[in-house]
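Visitor: need a 3D model of the sequence below.
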Amino acid sequence: MSVRICALDDLSVSTPVRVVIEETPIAVVRDSEGAVHAIGDTCTHGDISLAEGFVENGTLECWAHGSQFSLSTGKPLTLPAYEPVPVFAVTIVDGDVYIDPTPTYPS
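Guide: Below you'll find the predicted structure:
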């Protein structure tokens, strides 16, 4: 069951937002093309919030150690992280952002 997070207009481009659904921290990002992504908010290299990181070229970079995670797959693209973060399905309905809190992991 999807949960309403916010209005689409509340998300600034390339500015991550941290939300918690059912005790699961999620980083929500609106990319430069307008697509909204939701990935696990905790870096798999350390207990760092990815929502405090930097968005660039379809990735969210951990501010602490520089690991970059794909916004679409959750896969780490740079070290030191080597484990993916979960990805969450996002839907936009009537201008509102909904996230399904069921995690999926890249294969």
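
Visitor: the helix or strand of the chain with the lowest mean pLDDT pairs with which strands, and in what direction?
Guide: Lowest mean confidence among the helices and strands of the chain (mean pLDDT, DSSP states H and E): strand 54-56, at a mean of 95. For strand 54-56, the paired strands and their directions (DSSP bridges) are strand 59-61 (antiparallel).

Visitor: quick check: buried residues in the helix or strand that the strand it pairs with is followed by?
Guide: From strand 59-61 onward toward the C-terminus, using DSSP states H and E, the following helix or strand is strand 68-70. For strand 68-70, a neighbour-count test (16 or more other C-beta atoms under 10 Å) marks Gln68, Phe69, Ser70 as buried. C-beta coordinates here come from the backbone N, C-alpha and C atoms, glycine included.

Visitor: now swap in stretch 62-78 and tell me
Guide: When neighbours are counted by 16+ other C-beta under 10 Å, the buried residues of stretch 62-78 are found to be Cys62, Ala64, Ser67, Gln68, Phe69, Ser70, Leu71, Thr73, Gly74, Lys75, Pro76.

Visitor: and the end-to-end length of that stretch?
Guide: End-to-end distance for stretch 62-78: 10 Å, by C-alpha to C-alpha, to the nearest Å.

Visitor: report the distance from that stretch to the chain centre.
Guide: In terms of C-alpha atoms, centre = their mean, to the nearest Å, the gap separating the centre of stretch 62-78 from the centre of its chain is 10 Å.

Visitor: who touches it?
Guide: The contact list for stretch 62-78, computed with C-beta atoms under 8 Å, 6 or more residues apart in numbering, reads 29, 31, 37, 39-40, 43-46, 48, 50, 52-56, 58-61, 79-87, 105-106.

Visitor: residue nearest the centroid of the chain?
Guide: Nearest to the centroid of the C-alpha atoms of the chain, with distances taken as C-alpha atoms, centre = their mean, sits Ile39, at 3.0 Å.

Visitor: next one: the helix or strand harbouring that one to chain centre, how far?
Guide: Secondary-structure element containing Ile39, defined by DSSP H and E: strand 36-40. Relative to the centre of its chain, strand 36-40 is centred 3 Å away, using C-alpha atoms, centre = their mean.
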